[in-house]
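Novice: The following comprises the amino acid sequence and a computationally predicted model.
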Amino acid sequence: MRYKKCINVFLKIIFKALLIVINALAFRGTQSFADICNSCNIYKIKTEEHMTVHRGYQDIVDNTFENLNEVISKLIADNIIDPKKLNQIIITGHSLGGSIALLMAIKIKQIFQK
């Protein structure tokens, strides 16, 4: 649990720095045994966005989005980024990160571009 809290704080710092400096989010590829386990979780699930996706990837997105949502909301509230310009953020990733980037982009667009 302590590890997860440290990772969450680290993610918030990284997300904030990337969004302010270069307007980009980059998600890494497979790096750990947990990533391999998520990649092996191949069952398909329906998302809130009415898509059928890989369960392991969606689990990562759901666990990561909470932190990203907090950061984006704070940056919008502090007038650091304009919610109308969120479509100008580059969201990218390699391998596993590419899947996460795609799912995260869809989620960001649906939440912040209403």
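Specialist: Good, I have the coordinates.
Novice: quick one, helices of this structure?
Specialist: 2-21, 33-40, 55-77, 96-112 (DSSP state H).
Novice: dump the residue contacts of Ile45.
Specialist: Contact analysis of Ile45 by C-beta atoms under 8 Å, 6 or more residues apart in numbering lists 52-53, 55, 58. Any C-beta I mention is one placed from the backbone N, CA and C, and that applies to glycine too.
Novice: Top of these by number of neighbours, please.
Specialist: Gln58 (24 neighbours; other C-beta atoms under 10 Å).
Novice: That one and Thr47 touch, don't they?
Specialist: Yes. Using C-beta atoms under 8 Å, Gln58 is in contact with Thr47, at 6.2 Å.
Novice: Give the intersection of the neighbour lists for the two.
Specialist: What both Gln58 and Thr47 touch, as defined by C-beta under 8 Å, 6+ apart, is the set Leu103.
Novice: And the helices of the chain: which comes nearest Ile89?
Specialist: Of all those, it is helix 2-21 that lies closest to Ile89, at 6.8 Å by C-beta to C-beta.
Novice: avg pLDDT for the closest one?
Specialist: Averaging pLDDT along helix 2-21 gives 59.
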